[in-house]
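Enquirer: got a sequence here, can you model it:
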Amino acid sequence: MPVKLPKYAHWVAERRFLVDAGKAPKLDEAGARRIEDLYIEGGRLRLRCITQLATGEREFKLGKKYAPDNPLIGPMANLYLNEEEYDVLARLPGTRLAKRRHKVGAFVVDVFEGDLAGLVLAECEATNRMAAMAVEIPDWCVREVTTEPEYTGWRLAQNKDGVI
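Expert: Okay, the predicted model is just below:
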C-alpha cells in the first residue's frame with residue numbers, strides 16, 4: 001500500500017556519498033553557502049540558516065523530514081521564516097552542525113566544519129526514486145552512504161558514532 005503524503009509535504013529522493021576531497025573538483029568559495037542547522041530536541045524538526053557567502057544574504061527555514069520507509073525517498077515539509085522568528089526558535093535546545101555547501105553539476109558538496117571538519121559529503125536530489133537512481137555518479141564520490149543512518153544530518157549533529 002502506498003504511503004500517504006503528509007499535508008503540505010513533498011517527496012524528496014536523495015542519495016548521499018562520501019567524497020574523496022583529493023579527487024573532487026575545485027570548489028568555488030565565492031558561490032558557496034554556509035548552512036547552520038539546529039536539530040531541535042524531541043522530534044524531527046530542523047531549523048536552518050543559509051548564508052550566501054558572496055553577498056551575506058540569509059534565508060531561514062524550519063523543516064521536517066518524516067521518517068521514511070525507504071532511506072532513498074521520504075516526505076519533507078519546509079516553512080520559511082523571517083529573522084525574528086528564526087531568532088526565537090534558535091533558542092530551543094538541540095544539536096547543531098555547520099557546513100559550506102557548493103553546487104557541482106547535479107550534486108551539492110557539503111564541507112563540514114567544527115567537530116566534523118574533514119568530512120565531505122555529496123548529495124543529489126530528485127523528485128522520485130527512478131530519477132535519483134539514474135544520476136551518473138562521478139569518480140570523486142567514493143562510497144554511497146544513503147542507507148547508513150550515521151550519515152544523516154541529525155546523526156552527524158549528534159556525532160555519537162565518531163563517523164570521521
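Enquirer: and residue 133, how far is that from residue 124?
Expert: Applying C-beta to C-beta, to the nearest Å, the value for residue 133 to residue 124 is 10 Å. (C-beta placed from N, C-alpha, C; glycine too.)
Enquirer: and for these two, which residues touch both?
Expert: residue 15 (C-beta atoms under 8 Å, 6 or more residues apart in numbering).
Enquirer: of these two, which one has the most company?
Expert: Neighbour count, other C-beta atoms under 10 Å: between residue 133 and residue 124, residue 124 has more, with 21 against 11.
Enquirer: which secondary structure state is assigned to the more buried one?
Expert: strand (DSSP: H, G, I helix; E, B strand; the rest coil).
Enquirer: got any ranges where the chain has weak pLDDT?
Expert: Scanning the chain for pLDDT under 70 picks out 1-3, 160-164.
Enquirer: helices of that one, start to end?
Expert: Per DSSP state H, the chain carries helices over the ranges 83-89, 129-134, 153-158.
Enquirer: quick check: which of the ones you listed is buried the most?
Expert: Most buried of the helices of the chain, by mean neighbour count (mean count of other C-beta atoms under 10 Å): helix 153-158, with a mean of 18.
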